[in-house]
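*Asks:* Next come a sequence and a model predicted from it.
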Amino acid sequence: MKNTIIIILTIIIFLIIYFLQANFFVWFTIAGVQPNLFIIMALFLGLFAGKRVSIPISIFMGICIDFFISKKIGISGIMLGVVATLGGYLDKNFSKDSRITIILMVIGSSIVYELGIYIINIITTTTTLEIIAFLKILGIEILYNTLLTIILYPIIQKAGYKYEENFKASKILTRYF
């Protein structure tokens, strides 16, 4: 029951982030580039909730994003699933208590997500390869995501430990038979 409530809260958080992404950050772009809060959300779900929970939620988020925004459904879902998997892998190898480590994880996840989207779009469409423009957009998005991570880190960390408490709780029997 508790996990169901947390999943519902995750969907509500997704809707809030979608609202912010679609309405609020349109006014606060840097050179026409917006932050991508979905990358941060998928990464933190992977870090704190584990792969079993974060991958399906991230894929669902990506499909919803593609359904409402993109012409091709599935690309964002695949890449957010990759980011969630990366978050689950990084959870086992790095500390979530260090801001520097989290910032580096956000930078790496942003690079993986945007590079994957770019490569898939080049393969599936007749998009021309423009490396300088892509690197400019990637750099601005990384800067934006990093700044938002620094600002939101205390809130995300508290919520993340609640996720971890519920989804990664040990299932050890405390009574011996």
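*Replies:* Looks like it arrived, so ask away. Numbering: from 1, shown residues only.

*Asks:* tell me which strands and helices the longest helix along the chain is in contact with?
*Replies:* Taking DSSP state H as the assignment, the helix of the chain that covers the most residues is helix 131-167. Packing partners of helix 131-167 (3 or more Cβ pairs under 8 Å, 6 or more residues apart in numbering; DSSP states H and E): helix 2-19, helix 37-48, helix 99-124. Backbone N, C-alpha and C define where each C-beta goes, glycine included.

*Asks:* Most tightly packed of those?
*Replies:* Each of the helices and strands packed on helix 131-167 was scored by mean neighbour count; the highest is helix 37-48, a mean of 26, by mean count of other Cβ atoms under 10 Å.

*Asks:* by contact count, what packs against that helix?
*Replies:* The contact analysis (3+ Cβ pairs under 8 Å, 6+ apart) places helix 37-48 against helix 2-19, helix 51-68, helix 75-93, helix 99-124, helix 131-167.

*Asks:* Rounded mean pLDDT for the first one, please.
*Replies:* Just to be clear, that refers to helix 2-19. Confidence for helix 2-19, expressed as mean pLDDT, is 86.
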